[in-house]
Structures are given as structure tokens and as C-alpha cells.
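Undergrad: sequence unavailable; structure follows:
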């Protein structure tokens, strides 16, 4: 039987003290969230913590505004702070309603959490939700990691009801004479989850109470496997190093190819999220193509990742970077004083106050560019100089050339002679770079 005091040990197991904490309860007004809100409210005074109810109005159904009004009134009856966020379904592009609503809901809840000053978001997912999720993913032939289902704790989102069934929550709500709203979309059989909930899963659970436990047990096994893979991936992420170009990160290819696929995926996701701030979700085919890209090992090739991230294959390593870094800065005149060009700084000084414009420009290399590294020597292709300097494709893109108005390359900073400064009467040009030299 469910009662609110059974939530206390859940938070203790997580190492989250109730006293002094502030929880934002994701409150839809449905049975599950009503039970969670009422439970946390009843525990709050005795344990010295704060509860705020946060409602997300998806504006997907005619009843949405009425449900928001119900939630606001429920919060008032409990004397709890209430915050609401309203979404705009018209902004949805090329994705299912379910996927859009799920993503935007958590974005909105995080915003409400920050506005309320809460530390944690609580959602009312329960054991039946978990069983449905696992069965749904089995039917969809999802990989083992996906069978972990709904995680009890992820970042700032906590799900304290996962060990309780829908029936347990309903019986307690009825015993407390609680009211809630019924979401008509929960019976819409266009959605796979609802077909399972009101079809095969309902039939199986009616005849065999062990079916739910079997699915929950599978989830726990998958979560254990996920913990193992996460720990292994964490060790690999420790091998990531800052790239030569700011805001890039490098990983050795050899270690990535030596681990099993799930550890590989978690490692890549962690590296991209931690160092680039990007979140990647890729289909099985996408991952397969990415793995092939790495195995092929073709130096200079680039693979596009989601969320504006890219990967460059270099000599025995992968270089992760933001898409915007794949383009060179625009051509820019080299002017008296300080001139910034991408990751490079140039300072031009002169003792001749009558000196006019320099007539020099900064740009990236172009096919066919030639220059001399030392006076009196034959001109060489800039591309060959880059190869000899072991610059990768990204570094070549961001390396400056100093050229005249007639496109003559007069200086290749850092790679030619002189390296760090150029004397070109009546100008003295010095150069510094944020790109690390090999």
C-alpha cells in the first residue's frame, strides 16, 4: 500500500537531504502528479523543505487551459507556489508530437526550476510507466541500453514514484478523496504506448502479476549494464585532450575502436556534451556510419554530428569541433595598430607618421598559393608547407596568410622566415596566435 512516508527512504538512498531542499513538482493535474504533489506537500512541514508546483501547458488540446486552471486551483488549496509555462505547438518542425512535447516539456520545467530557485525537479513516473516503456522498446527492437527505461535519477530530475504501481497510487488518492483531471490523449490508440497500456499489457497484467516484475527486472538489469558502460566511458573521456585550436577536443582513435559499441556511444556523447556543450542523439544506422568513418581512418575526412558538431579524422585521432569553426574568417585588411583575424593577433607599428595604408590583407590559403619560406629560395606551394608542418585540415583553414592587393603571398606567420614578425618598410608587423604550435 502506498503512503507519503514511503517516499522518505527514496531520497535518503539518493543522498538528497529533505531538510532545506526545494523541489519543483512537474504537475499536470493527472492522478500521478496529484498524488506526488499532495504527498510532498504533506511531508514538507515535518521535514523542512519547500515545494513548488510547475505546470507545462502544451496547448495541444482544447482542454489544456482548463487543466492549467485546475492545477492553479489545486496549488492554491495546498497553499503551494505555482508556476506555469505555455508552449507553442506551431513551432514544431518535422518531428512527432510526442517527441516535441517531451523535449519541450523538460526544457520548460528546467526554466521553471531556475525561476523558482529549486534544486530538483520531481516527476510522477511510476512502475507501470516503466513496464510500458520497456515493453515498447522491446517491440521496437531497441538496443540493450534503451531497455534501462526511465532512469530514477538523471541530472536534476528525480522520479521517486518508480517503485509504486498505478493501482497503488489510485487507491491512496481515492482514500484521500483527491480530485484529478483525466487526459483524453492517454486513451488515444494512435500512440504505441496507449495501445500497449490498454491492450496486450493490460491483458497480461490482469492474468499474471509477475509480468510487470519481469519487465521491471529487465529494466534493472539494463540499468546495471548502463552503469558498467558509463563507468568505462568515463575512463575513456579522461583521455580527451584540448585541441590545438581553442574550443576543440581530441580523442585517440585506437582506444575508441577497442571498446564495445555501447561504451563507444556513451564516450562520444560524453565528450561532445562536456567539451562542446552539444547533445547528440543518433539512430542505429547513424552510429553504424560513424563507426565505419572511424574504422576507415581517412585523414582529412569530416563527419557531421547532430547539434552543429563535427568530427575531423586526423592522424590517429579524432578532433571534435563546432560547425562554425569549419569556416575560415573573411579576408580582412591588415591595418595600422591591432588587427584580429580569427585566432590570431597582428600589431602594425611604424616610426614614419606619414605612412599611408599598408596595402596588405589577411586571408586563408587558396589552391595554388605559393610563397618563399626564406629569401632567395624557390617559391613553394603553401599546401606543401602546411603538409610539412603537419597542420590538419582545421588548422589549415584557420592559418593566416599575409598578401598584397595583387594576391602575392608575402608572409606565412609562424611557418616561414621570419616567423613572429615581418619588417616591410616602413612597417613592423608582429604576430601572436591562440593556436597551439606542435
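TA: Thanks, I have the structure now. Because the structure is predicted, anything quoted here is derived from the model rather than measured.

Undergrad: measure residue 328 to residue 390 for me?
TA: Taking C-beta to C-beta, to the nearest Å as the measure, residue 328 falls 19 Å from residue 390. In this view, the C-beta of every residue, glycine as well, is placed from N, C-alpha and C.

Undergrad: more crowded one of these two?
TA: residue 328 (16 against 10; other C-beta atoms under 10 Å).

Undergrad: residues touching the more buried one, list them.
TA: Shown in contact with residue 328 (C-beta atoms under 8 Å, 6 or more residues apart in numbering): 342, 363-364, 397-398.

Undergrad: since we're on residue 183, how many residues are nearby?
TA: Neighbours around residue 183, by other C-beta under 10 Å: 16.

Undergrad: cool, residue 150 as well?
TA: If we define neighbours as other C-beta under 10 Å, then residue 150 has 19 of them.

Undergrad: equivalent analysis for residue 17, please.
TA: By other C-beta under 10 Å, the residues close to residue 17 number 12.

Undergrad: for residue 121, see how far away it is.
TA: 17 Å.

Undergrad: can you list contacts of stretch 54-69?
TA: With contact meaning C-beta under 8 Å, 6+ apart, stretch 54-69 is reached by 24-29, 71-72, 82-89, 97, 101, 104-105, 108-109, 112-113, 116, 121, 181, 183-185.

Undergrad: report pLDDT for residue 73.
TA: You'll see residue 73 listed with a pLDDT of 97.

Undergrad: now residue 366: which helix or strand?
TA: Using DSSP states H and E, no element contains residue 366; it sits outside every helix and strand.

Undergrad: relative to residue 331, how far out is it?
TA: Residue 366 sits 10 Å away from residue 331, going by C-beta to C-beta.

Undergrad: again, but for residue 124
TA: Distance, residue 124 to residue 331, using C-beta to C-beta: 57 Å.

Undergrad: more crowded one of the two?
TA: Using other C-beta under 10 Å as the criterion, residue 124 and residue 331 rank with residue 124 on top: 24 against 12.

Undergrad: quick one: the strand or helix carrying residue 339 to chain centroid distance?
TA: Applying DSSP H and E as the criterion places residue 339 in strand 337-341. Relative to its parent chain, strand 337-341 has a centroid offset of 35 Å by C-alpha atoms, centre = their mean, to the nearest Å.

Undergrad: and the contacts of it?
TA: 329, 332-333, 345-348, 362, 400.

Undergrad: neighbouring strands - and their directions - for that strand?
TA: According to DSSP bridges, strand 337-341 forms sheet pairs with strand 344-349 (antiparallel).

Undergrad: what is the distance between the partner strand and the centre of its chain?
TA: Put simply, strand 344-349 sits 37 Å off its chain's centre (C-alpha atoms, centre = their mean).

Undergrad: swap in stretch 11-28?
TA: 24 Å.

Undergrad: for it, measure first residue to last.
TA: For stretch 11-28, the separation between the terminal residues is 22 Å (C-alpha to C-alpha, to the nearest Å).

Undergrad: now it: mean pLDDT?
TA: 97.

Undergrad: in the stretch 201-350 of the chain, where is pLDDT below threshold?
TA: For the stretch 201-350 of the chain, the stretches with pLDDT under 70 are 201-209.

Undergrad: show me where it has helices.
TA: Applying DSSP state H, counting those that start in this stretch to the stretch 201-350 of the chain gives helices spanning 210-237, 253-257, 261-271, 284-296.

Undergrad: return the list of helices and strands in contact with the second one.
TA: Translated: helix 253-257. Helices and strands touching helix 253-257, by 3 or more C-beta pairs under 8 Å, 6 or more residues apart in numbering; DSSP states H and E, are helix 261-271, helix 284-296, strand 317-322.

Undergrad: ok, the closest residue to residue 183 other than its chain neighbours to residue 55 distance?
TA: Leaving aside its chain neighbours, residue 183 sits nearest to residue 30 (5.7 Å; criterion: C-beta to C-beta, 6 or more residues apart in numbering). Going from residue 30 to residue 55 by C-beta to C-beta gives 11 Å.
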